[in-house]
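J.: Dropping the sequence and predicted coords here.
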Amino acid sequence: MDTVDVLIIGSGASGAAVAWSLAETRMRIVCLEQGEWQKPSDFPSTGRDWEARRFTDFASSPNQRRRASDYPVNDDDSPIKVVNFNGVGGGTVMFTAHFPRLHPSDFRVKTLDGVADDWPIDYFTLEKFYALNDRMTGVSGMAGDPAYPPHEPPMPPLPMGRTGRRIGEAMNRLGWHWWPSEAAIATREWEGRAACINIGHCTPGCAQGAKGSTDITYWPLAIRAGVELRTNCRVREITHDATGMATGAIYYDRDGNEVFQPAHVVVVACNGVGTPRLLLNSAGGKHPDGLANSSGMVGRNLMFHPWAVVNGYVEEKLDGHRGSPLCLWSQEFYESDASRGFVRGYEFQFGRGVQVITEGIQNMGLGRVPWGEGHHEAFRHWSGRRFSVEVCCEDLPEEHNRVTLDPVLVDGHGVPAPKISYRISENSQAMLSHGVAHGKRIMEAAGASDLSITCPVPVAGWHLLGTCRMGTDPARSVVNQWGRCHDVKNLFIVDGSVFVTSGGVNPTTTIQAIALYIADQMKQRLANLFD
Amino acid sequence: MVHPFLSEAAVDDLRCLAAMIIPASSRFGLPAADDPVIFTDLLGSLEHDRIEVEAGLAHVRAKAGRGLMALDAAGRAALGQALQAEGEANVAVLSRLVMLAYYRDDRVVRSLGLEPRAPFPKGHEVVAGDWSLLDPVRARRPMWRDPR
């Protein structure tokens, strides 16, 4: 097989952005994706069984979804379970499209708060890439949020809805910050994509095409510009030569054939679990402990966002299953305040409501909807009046939280699966408790009752960060300040693995901004990329 | 009825269990979850959770002491209460599958005041709202820290 200039592994949030950005170089670029293209006509919202499919082929956990494209994850040793999606677009196919940026302070946690490490880049370095990603993705929102440096989302915000009004009034009573969420959802026609029609079940794929998953944003443009995307290709390992440089990757094609794809440059974009898994599975020769792992940091410092949910009920019917899952955020408690008993902070996200049957199932689990007599009356009583306050906590890096290879568990091709070892820190626990207590105050201010609390939310490991951290010290980090591995100068990592700290918000727009920044750095350094 | 992986007795137990979870309602004019249309839909939706379904039915059978069909109405009601209170994981999967099949039936959906249709392509109306509600927040000074 011919040697390609750039081999990208993974077609999700970051792989797509890098592929599109590098395409203008006219280099020969190939991307390997272990999953398949998604057909919008197959998304759950096109069928009457739309709620049921969140428990089967569109379950958020790969261990429950069990598609051929999925790999199992041993997360028994973690209170937070891994969530992902494997297919063209990766996790963006199944994200909520909640699209907040990190704050400037998130890149300077050591300097400002004395914990973890500062990033080797900052918010203002990424600012133009955030803006570019906003345009490429099609982001809705509202300028003027006092929680952020000034910036202007290209489209107006998602509708407030009945739920949003109720929450906004409550937050004003408390005098707390709130703002319409920035969302990767088109609220008007955008670059040929139709506007959101409030399908309401857009987490497992948007049949309307309003949600900015990368299969419909970056990929069509990248392919048109000459990038080759090969689907159903599961990479087993990245190979290297006697000098330790990457030489390409061995993968299984859709027929199960073992194929070697040689490459001059390899870019890994498999998320914070898939990337360390691949590097550890590539051990050998010059890299006996895993590729690019002389620091021992590959797989360490795994960060999720510990999550809590406070649900409550009001008398009026709210948005329920209609509209995007999230509509507002609050960053009242985002920046550090030593008086709170923890460092760093969290974001409140507000859920409009919940799907009709799912609400009944959850209330059945709580004993509110009985089996047998009284079932129908209770189901109706608890239907359509619920909203939620969700607490998204910053998770600080700790080396003992890590991804390793499971000694037994393998995927469908016999490749060792990842094993997660993770504990919620005291700081995160204190933050969760603070968030729940203040979430209850929001509920009270909104006139809600019958609260139920889940803390931590178990199946909430949707943000996979920190396992190949960025830094200037090769002994303490895996990649340098522009994404190149310290140990392997033709190997780049562009996904959430490179995060130094997690911030307290959903990471996708930052992952993509970093990917665009790294691609830009590569383009500027093409003449001496390996120096 | 021949099912791909459930025995005839297991199908009978599941039918009985479905009606224990969701009985008919004269008030709302609704069938129970063992209604033939709903139950056929339910039987067709078990494959993904096959292991849990089989384990759940075995657990129910063990709790019943004998076949569910042999219990009278009071015995079934008592068993149902005990099973729900226990919250055994595989039985929870069974009850979830019953709920999902029941509440997508056209008759049931209409009785809830909803249209029996997929969310796409019609979507839904969500009120735009009045963003002047944000005025107190707009008046706040910048909250973010500038580390430069």
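T.: Good, I have the coordinates.

J.: gap between A:Ala448 and A:Pro104?
T.: Taking CB to CB, to the nearest Å as the measure, A:Ala448 falls 34 Å from A:Pro104. From N, CA and C alone the C-beta is placed, and that goes for glycine too.

J.: who's more crowded, the two?
T.: Relative neighbour count places A:Ala448 above the other of A:Ala448 and A:Pro104, with 24 against 20, counting by other CB atoms under 10 Å in any protein chain shown.

J.: now that one, nearest residue through space, not along the chain?
T.: A:Gly312 (3.1 Å; CB to CB, 6 or more residues apart in numbering or on different chains).

J.: Also A:Pro150?
T.: Counting by CB to CB, 6+ apart, A:Pro150 lies nearest to A:Ala143, which is 7.0 Å off, once chain neighbours are set aside.

J.: residues contacting the one you found?
T.: Contact partners of A:Ala143, counting by CB atoms under 8 Å, 6 or more residues apart in numbering or on different chains, are A:Pro150, A:His151, A:Glu152, A:Pro153.

J.: before we move on, back to that, isn't there a strand covering the residue nearest to A:Ala448?
T.: Yes: applying DSSP: H, G, I helix; E, B strand; the rest coil, one finds A:Gly312 inside a strand.

J.: okay, now it: neighbour count?
T.: For A:Gly312, the neighbour count with other CB under 10 Å is 22.

J.: show me what contacts it?
T.: A:Arg386, A:Phe387, A:Ser388, A:Val389, A:Met443, A:Ala446, A:Ala448, A:Ser449, A:Asp450, A:Leu451, A:Ser452.

J.: so of the residues you listed, which ones are in helices?
T.: A:Met443 (DSSP state H).

J.: Get me the contact residues on the stretch 151-300 of chain A for chain B.
T.: Contact residues (CB under 8 Å from any CB of the partner chain) of the stretch 151-300 of chain A with chain B: A:157, A:159-162, A:164-165, A:168-169, A:171-172, A:175, A:177-180, A:196-201, A:207-208.

J.: Can you tell me the centre-most residue of chain B?
T.: Taking CA atoms, centre = their mean, the centroid of chain B lies closest to B:Met99, which sits 1.8 Å from it.

J.: Now do the buried residues in the helix or strand harbouring that one.
T.: Taking DSSP states H and E as the definition, one finds B:Met99 inside helix B:89-102. Neighbour counts using 16 or more other CB atoms under 10 Å in any protein chain shown place B:90-102 of helix B:89-102 among the buried residues.

J.: next one: stretch A:381-395
T.: For stretch A:381-395, the neighbour count (16+ other CB under 10 Å) marks A:382-395 as buried.

J.: Work out the gap between stretch B:111-122 and the centre of the chain.
T.: From the chain centre to the centre of stretch B:111-122 is a distance of 17 Å (CA atoms, centre = their mean, to the nearest Å).

J.: What's the end-to-end length of it?
T.: With CA to CA, to the nearest Å applied, stretch B:111-122 spans 20 Å between its terminal residues.

J.: what about it and chain A, touching?
T.: Yes: counting by CB under 8 Å from any CB, chain A is contacted by stretch B:111-122 at B:Leu112, B:Leu114, B:Pro116, B:Arg117, B:Ala118, B:Pro119, B:Phe120, B:Pro121, B:Lys122.

J.: For that stretch, list every residue counted as buried.
T.: By 16+ other CB under 10 Å, the buried positions in stretch B:111-122 come out as B:Ser111, B:Leu112, B:Ala118, B:Pro119, B:Phe120.

J.: re the thing from before, can you tell me which two in the residues of stretch B:111-122 next to chain A are farthest apart?
T.: Put simply, by CB to CB the two of the residues of stretch B:111-122 next to chain A set farthest apart are B:Leu112 and B:Pro121, 21.4 Å from each other.

J.: secondary structure class for A:Pro474?
T.: Applying three-state DSSP: A:Pro474 is coil.

J.: my read: it touches A:Ser294, true?
T.: Yes: counting by CB atoms under 8 Å, A:Pro474 does reach A:Ser294; the two are 7.1 Å apart.

J.: What strands line up against the helix or strand bottoming out on mean pLDDT in chain A, and which way round?
T.: Taking mean pLDDT, DSSP states H and E as the measure, chain A has strand A:326-330 as its least confident helix or strand, at a mean of 94. Partners of strand A:326-330 in the sheet, by DSSP bridges, are strand A:179-180 (antiparallel), strand A:346-351 (antiparallel).

J.: Tell me which of those strands sits most buried.
T.: Across those, the average number of neighbours (mean count of other CB atoms under 10 Å in any protein chain shown) peaks for strand A:346-351, which reaches a mean of 25.

J.: how about the nearest residue to A:Asp70, chain neighbours excluded?
T.: A:Pro62 (4.0 Å).

J.: circling back: touching chain A at all, the helix holding B:Met99?
T.: Yes: with CB under 8 Å from any CB as the measure, helix B:89-102 is seen reaching chain A through B:Ala92, B:Ser95, B:Arg96, B:Met99, B:Leu100, B:Ala101.

J.: so how far is that helix from its chain's centroid?
T.: With CA atoms, centre = their mean as the basis, the mean position of helix B:89-102 lies at 5 Å from the chain mean.

J.: So which residues of the stretch 351-500 of chain A form strands?
T.: Taking DSSP state E, counting those that start in this stretch as the criterion, the stretch 351-500 of chain A carries its strands at A:386-393, A:402-410, A:416-421, A:449-454, A:491-493.

J.: who does the fourth one touch, helix- and strand-wise?
T.: Read that as strand A:449-454. strand A:307-313, helix A:426-445 (3 or more CB pairs under 8 Å, 6 or more residues apart in numbering or on different chains; DSSP states H and E).

J.: In the sheet, which strands lie alongside the shortest one, parallel or antiparallel?
T.: Strand A:307-313 has these partner strands in its sheet, going by DSSP bridges: strand A:386-393 (antiparallel), strand A:449-454 (antiparallel).

J.: From the chain's centre, how far out is it? Work that out for me.
T.: Using CA atoms, centre = their mean, the offset of strand A:307-313 from its chain centre is 21 Å.

J.: now swap in stretch A:74-82 and tell me
T.: Between the centre of stretch A:74-82 and the centre of its chain there are 17 Å (CA atoms, centre = their mean).

J.: Filter the residues of stretch B:111-122 next to chain A down to the ones in strands?
T.: Among these, no residue falls in strands (DSSP state E).

J.: And those residues, which is closest to A:Gly114?
T.: Minimum separation from A:Gly114 among those (CB to CB) is found for B:Pro119, which lies at 48.2 Å.

J.: quick one: that closest one from A:Pro44, how far?
T.: 9 Å.

J.: shared neighbours, the two?
T.: Counting by CB under 8 Å, 6+ apart, the residues touching both B:Pro119 and A:Pro44 are A:Trp50, A:His201.

J.: is it true that A:Gln355 touches A:Asp319?
T.: No: in this structure, A:Gln355 is not within contact of A:Asp319 by CB under 8 Å, at 11.5 Å.

J.: For these two, work out which one has more neighbours and name it.
T.: More neighbours surround A:Asp319 than the other of A:Gln355 and A:Asp319, with 29 against 19 (other CB under 10 Å).

J.: Could I get the contacting residues of A:Leu526?
T.: Contacts for A:Leu526 (CB under 8 Å, 6+ apart) come out as A:Thr25.

J.: before we move on, back to that, looking at the helices and strands packed on strand A:449-454, which is closest to A:Trp329?
T.: A:Trp329 lies closest to helix A:426-445 among those, at 12.4 Å (CB to CB).

J.: Among the buried residues of helix B:89-102, which one sits closest to chain A?
T.: Nearest to chain A, judged by CB to the nearest CB, of the buried residues of helix B:89-102 is B:Leu100 at 4.3 Å.
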